[in-house]
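Colleague: Here's a sequence, model it:
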Amino acid sequence: MSAPAVPLSDLFTAQDWLTLLDVSLTGIHLVRPVYGPEGRRILDFAIEYLNPAAQRMTGLGEQPGGTLLGRFPHALAEGVFQYYQQVFETGEHRTYEVNYQADGLDNYFRFSARRSGAHLLVSFTDTSDQDRSQVEQALRESQAFEHAARAEAEQQRQRFLEVLTHMPAYIAVYQGPDHIYQFVNPAYQSLFPHRSFLGLPFREGTPEAVALGVVALFDQVYQTGEPVYLREMEGWFDFHGTGQPVQVFLNISLHPLRDVHGQLDGVLDFTYDVSEQVRTRHQVEALNQELEDRVQARTQELHDTNGQLRRTNADLDTFVYTASHDLKAPITNVEGLLLALHEVLPAEVRQAELVAELLRLLQDTVGRFRFTITQLTDLVRLQQSQSGPVEPVALGALLEAVCQDLAPEIQAAGATVHWLVPADLHVPFTPANLRSIVYNLLSNAVKYRAPDRPAQVWIRAEQQADAVVLAVQDNGLGLDQTQQGRLFQVFQRLHTHVEGSGVGLYMIKRLIENGGAAIAVRSEPSVGTTFTVTFRA
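Modeller: Numbers count the residues shown, from 1 in each chain. Modelled structure (predicted):
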């Protein structure tokens, strides 16, 4: 049975540890970090102890005093200081190799370091006890390669900084877990002309960012090694030191940076100001919302107005229908009285010139009155009736039938009707309504002829891509602009020398529009008029 292991603290006395340091062939020294005024950033390392091997390699005493960069200034350029700094800050055990040919040294050193409380314990070896001939060749080759690599890296770094310097974006480079400013380009500095950034932690250089949560995102990038992107982040910054923050919107890209060993050691901040674009979009959105509100309000007013108009039209229809119905009885009575007069008046009295003329005028008046009542009744029936079934109507056959019905009027007027309509052309419409439309248009063309020239009427129709177009043209009296504006209004008589009630065109316009078609007019006084009806195919 083996004896239990004895703790090292029992095996080695303090004197034993000191003796071990004295006899070790490996150089060992103890250093302590020197911090900046803010107490967080390491500026250097104080040298507190070197064992005999380290004294031999460096030429220093056991407790020489001073600092690493004070004794060995090239430790910064050779990466030794950064190595010490990273090991101390991370607490990790790391190694490092360097061919150090400066500050009175010319050896290839291998370092191994670890943090010990408030100190950093470093052990190192050199090549002074090896065959210099073989080692020297390897070192020189390594040195040449390293110098070339460093020169190329420095050249690339300078090119990179040159690009960052001249870019219009706001760019900054931060190092370490506290995100110490290492570089800001002129665009970034111009945002805060009253501030200095280099050497300060991000939270101190830009304190407004703390409340925005940006510092936490910097920490996230540094800890995870993954980039972070923010779009249109709103922030308020005191750009000119006046105490008056200004609103901005920023697109921010945060990218991790790594050292030559692939270790995360910083963050690249790449920021664009998109305030103008965001504000413009907000203005457009506000205008669109305002327009939408106006459209909705206007639509409601169109709806309310239409409702009122429908109610008004219904009231008018009721009134017209009631009036026309109530007037029929008095007209019938007047007709009865005229008939009685004819019967009771002696023949010689009826045939007297004055009495005969008065009886004729009374009879004509009653006839016009009855015709007007009939028109009113038809108008109300049109308002209240629904369109009949739609059928494909052969337009050529319909025109021929209408011309036959109007043949007496056409002949009496001495008019000539020309028509050009394809035999196979059909119009999808209610047949009776289409006949009324064609009848009225042709009848008006003949009725409102010019007295100083023979009446000519042209009827044309053609099939278009999605419509059938019918045109009725005459060389009659024509209409001026004012008359054209009143043409389709009810009870509008624009030529009083011709019999009519002023209802016909109003009725056919309603028939056309109720059937989903449209009517237009083009006219010139003393030249003629053209009515164009467009039917959906």
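
Colleague: so where is the stretch 401-537 of the chain shaky, pLDDT-wise?
Modeller: By pLDDT under 70, the weakly predicted segments of the stretch 401-537 of the chain are 489-504.

Colleague: Tell me where it has helices.
Modeller: For the stretch 401-537 of the chain, the helices defined by DSSP state H, counting those that start in this stretch cover 407-413, 431-447, 481-486, 504-514.

Colleague: what are the C-alpha coordinates of the first one, in CSV please?
Modeller: Right, the one you point to is helix 407-413. Provided in CSV are the C-alpha atoms of helix 407-413 (Å, rounded to 0.1, in the frame of the first residue of the first chain):
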residue,chain,number,x,y,z
ALA,A,407,-89.7,57.5,-92.6
PRO,A,408,-92.6,60.1,-92.6
GLU,A,409,-90.6,62.6,-90.6
ILE,A,410,-87.4,62.0,-92.7
GLN,A,411,-89.4,62.5,-95.9
ALA,A,412,-91.2,65.6,-94.6
ALA,A,413,-87.9,67.1,-93.7
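
Colleague: Off-centre distance for it?
Modeller: 66 Å (C-alpha atoms, centre = their mean, to the nearest Å).

Colleague: what do you get for the third one?
Modeller: The chain centroid and the centroid of helix 481-486 are separated by 46 Å, computed with C-alpha atoms, centre = their mean.

Colleague: same check, this time on the longest one
Modeller: In terms of C-alpha atoms, centre = their mean, the gap separating the centre of helix 431-447 from the centre of its chain is 53 Å.

Colleague: Need the contact partners of that helix.
Modeller: Defining contact as C-beta atoms under 8 Å, 6 or more residues apart in numbering, one finds that helix 431-447 is touched by 387-388, 391, 393, 398-399, 401-403, 405-406, 409-410, 413, 415, 417, 427, 455, 457, 459, 470, 472-474, 476, 498, 500, 504-505, 507-508, 511-512, 514-515, 529, 531, 533. The C-beta positions use only the backbone N, C-alpha and C, and glycine is treated the same way.

Colleague: buried stuff in that helix?
Modeller: Residues of helix 431-447 classed as buried by neighbour count (16 or more other C-beta atoms under 10 Å): 431, 433-447.

Colleague: Then stretch 111-120?
Modeller: F111, S112, A113, R115, H119, L120.

Colleague: so who does the residue positioned nearest the centre of the chain touch?
Modeller: Nearest residue to the geometric centre of the chain (C-alpha atoms, centre = their mean): R281, 7.4 Å. Contact partners of R281, counting by C-beta under 8 Å, 6+ apart, are absent.

Colleague: ok, the nearest residue to N107 once chain neighbours are set aside - how many residues close by?
Modeller: Leaving out its chain neighbours, the residue that sits closest to N107 by C-beta to C-beta, 6 or more residues apart in numbering is D126, at 3.9 Å. By the measure other C-beta atoms under 10 Å, the count of residues near D126 is 20.

Colleague: can you give me the helices in the stretch 101-250 of the chain?
Modeller: With helices called from DSSP H, counting those that start in this stretch, the stretch 101-250 of the chain shows them at 132-166, 186-191, 202-205, 208-212, 214-224.

Colleague: next SSE after the top helix by length along the chain?
Modeller: In the chain, with assignment by DSSP state H, the single longest helix is helix 275-344. As assigned by DSSP states H and E, the chain's next helix or strand after helix 275-344 is helix 347-350.

Colleague: State the distance from the residue in the chain sticking out farthest from the centre to A356.
Modeller: Ranking residues of the chain by C-alpha distance from their mean position (C-alpha atoms, centre = their mean) puts E348 at the top, at 92.9 Å. For E348, the distance to A356 equals 11 Å [C-beta to C-beta, to the nearest Å].

Colleague: same question, P525
Modeller: Remark: distance between P525 and A356 (C-beta to C-beta) = 39 Å.

Colleague: swap in D44?
Modeller: Going from D44 to A356 by C-beta to C-beta gives 138 Å.

Colleague: which of the two has more neighbours?
Modeller: Higher neighbour count among D44 and A356: D44, with 21 against 12, using other C-beta under 10 Å.

Colleague: Show residues contacting the helix or strand that that one is a member of.
Modeller: Remark: D44 resides in strand 42-50, with elements defined by DSSP H and E. Outside strand 42-50, the residues that touch it by C-beta under 8 Å, 6+ apart are 27-36, 58, 60-71, 81, 84-85, 88-89, 119-120.

Colleague: So which bits of that strand are buried?
Modeller: Of the residues in strand 42-50, those buried (16+ other C-beta under 10 Å) are D44, F45, I47, Y49, L50.

Colleague: same check, this time on stretch 220-237
Modeller: Neighbour-count burial for stretch 220-237 flags V221, Y222, V228, M233, G235, F237 (criterion: 16+ other C-beta under 10 Å).

Colleague: Just flag the most distant two among those residues.
Modeller: Greatest spatial distance among the buried residues of stretch 220-237 (C-beta to C-beta): Y222 and F237, at 22.7 Å.

Colleague: could you list every residue that touches G225?
Modeller: With contact taken as C-beta under 8 Å, 6+ apart, G225 is in contact with P256, L264.

Colleague: And it, how far from H255?
Modeller: Using C-beta to C-beta, one obtains 10 Å as the distance from G225 to H255.

Colleague: Okay, and the beta partners of T529?
Modeller: For T529, the beta-bridge assignment (DSSP bridges) gives partners D474, S523.

Colleague: What is the burial count for it?
Modeller: 24.

Colleague: Kindly list the main-chain dihedrals of P33?
Modeller: With angles defined as degrees, to the nearest 10, P33 sits at phi -70, psi 140.
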